[in-house]
Every structure is written in C-alpha cells, then in structure tokens.
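Enquirer: Have a look at this prediction, sequence included:
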Amino acid sequence: MSGSGLDSSSVIVTGGGAGIGRATALKFAAEGARVVVADLDAEGARTVVEEITAAGGTAVAVVGDLSEQTVVGEVVAKALDAFGGVDVLVNNAGIMDAMTAPADVTDAEWERVIRINLTAPFRLTRAVLPHMLERGKGAIVNVGSEASLRGSAAGAAYTASKHGIVGLTKSLAVMYRTSGIRANAVAPGGTRTAITSGLGFEGHGPDTLMPLMGNIGRLAEPEEQAAVIVFLASDAASSINGAVIAVDDGWSAV
C-alpha cells in the first residue's frame, strides 16, 4: 500500500452510506483498511459495502440510529467480531438544522440535533476507547463543520453541536496523548452533500445568515474531505493531535 499504516487496520465510519462518509469509507478501503460502514440508511450502507468488496476490499455494514446506545454497541461488536479490534473511528454522521435562531429553536429540534451530532459521537468514542487503550494505539477523527469555527454558518443547535465536537476532540487529545491515541477534527466548509435536503430555511435565523454566506467559496467534493480525514488517521499524521483542520477553500480565513 501507500505506507499510510492503514493496511489491514479496522476502521469504523459513521454516516458511511453517502456523502463525506461514503467517500471516506472508499478511501480507507483503497488504503487497505477493513471498514465498518455504519448508517441509518440500509440501502446506502449496503451499496458502499458492495462498492468496496467489488474493488477487492473488505467491508461490513451496520444499520441503525447511532443516537441509540444499542446501535453503538452493535457497531463496536461488529468491528471486534469481524476485524478483531478498532484502530480508527471516524465520527462523521450528522444532521443539519434549519438555521434556526436561538429564540425560535424548539426543544425537539435542539434535542435531535445535539443527540445525533454530539451525543452519538461521544457514546461511540466512549465505547471504542477501552479497546484502543488495551492496544495502546488508535486514531479518532471527528467531522465538525465551518459552524465549529464561527456563529454565522448555521443555526443555534447545529452550531452548538459542532462547537461541542471540537471540545470533545481537544479533551480526547489531552486525556489520551500518553496512551497512543490521537484525536483530531476536520471542519468542512461547503461540500456537495445532501445534508440540507428537505430543510426549509425561513425566519429570523436564515434571514440573518444567508447574506453572510457570500464568502463560502468553492464547494468541495466529498472526496476532498475524505482525503484529509484519512490523512489524519494515518501514520503520516503521527504527531498531529488535538488539531481542527478547516477544509473550506479559505472560508474561515475571510
């Protein structure tokens, strides 16, 4: 392989059935990793596994809502049973809010976004850490957002959840840097995915934010995000820990 150190490694990719997750799962498989593709969408997860196996790689699917603890347990158990451990965890699965302003956020929207975008990654991280600690190595890559870096890229719930992902990443890096475990995050800017599909953007939040979106720059392809995620998990990034890498065509620099 390419010398990335990922050959035969065991990798979990959440939200692996589409978008950035799909591109990431395919990229890891191309590096020789064995991949658990976890997704709520059964058809998407199955299709990605078929793509990987058709190319000569190894992958298995786990379908379910990662905000449920039982599904978290199934994902980790599948990695252990199929591949003997967990070397890399990519917390990619997430949902967008409707750019809702704080005064207008309902309890239901807040709880759903935080549960999926922050609580689920925490629970999955907590579940894999004992296995990484036992091996004395591991890499965790969390997918944040431009909304991890600023308050003008999404609504209150999504912004809070993605700021929380950065805090979780940095806490992990400090707590486990002497245990051979690294944690980093990517902060994607505009990317060609379906995360906003079906959302209606009306009200004070969108009216305030939309005029600020002129600096978004070129939309990235999912494969461009995947390249950075896989790099952060690889041996080439062996001294990168606690970093948040913006992959946003300079949006965060404006």
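Expert: Yep, it's here.
Enquirer: most residues in a single helix of the protein, which one?
Expert: Counting residues, the longest helix found in the chain (DSSP state H) is helix 156-176.
Enquirer: Counting neighbours, which bits of it end up buried?
Expert: Neighbour-count burial for helix 156-176 flags 156-166, 168-170, 172-173, 176 (criterion: 16 or more other C-beta atoms under 10 Å). Just so you know, the C-beta spots here come from the backbone N, C-alpha and C atoms, and that holds for glycine as well.
Enquirer: Help me confirm that Leu66 is found in a strand?
Expert: No. The assignment for Leu66 (DSSP: H, G, I helix; E, B strand; the rest coil) gives coil, which keeps it out of a strand.
Enquirer: count of neighbours near the nearest residue to it once chain neighbours are set aside?
Expert: The shortest distance from Leu66 to any non-neighbouring residue, by C-beta to C-beta, 6 or more residues apart in numbering, is to Ala120 (4.2 Å). Residues contacting Ala120 under the criterion other C-beta atoms under 10 Å number 23.
Enquirer: Roughly how far does Ala120 sit from Ile216?
Expert: Going from Ala120 to Ile216 by C-beta to C-beta, to the nearest Å gives 27 Å.
Enquirer: Leaving out chain neighbours, which residue sits closest to Val113?
Expert: Per C-beta to C-beta, 6+ apart, closest to Val113 is Ala157, 3.9 Å.
Enquirer: ah, wrong one, I meant Ser238
Expert: Leaving aside its chain neighbours, Ser238 sits nearest to Arg182 (7.7 Å; criterion: C-beta to C-beta, 6+ apart).
Enquirer: how distant is the strand or helix carrying that neighbour from the center of its chain?
Expert: Per DSSP states H and E, Arg182 falls inside strand 181-188. Taking C-alpha atoms, centre = their mean, to the nearest Å, one finds the center of strand 181-188 at 9 Å from the center of the full chain.
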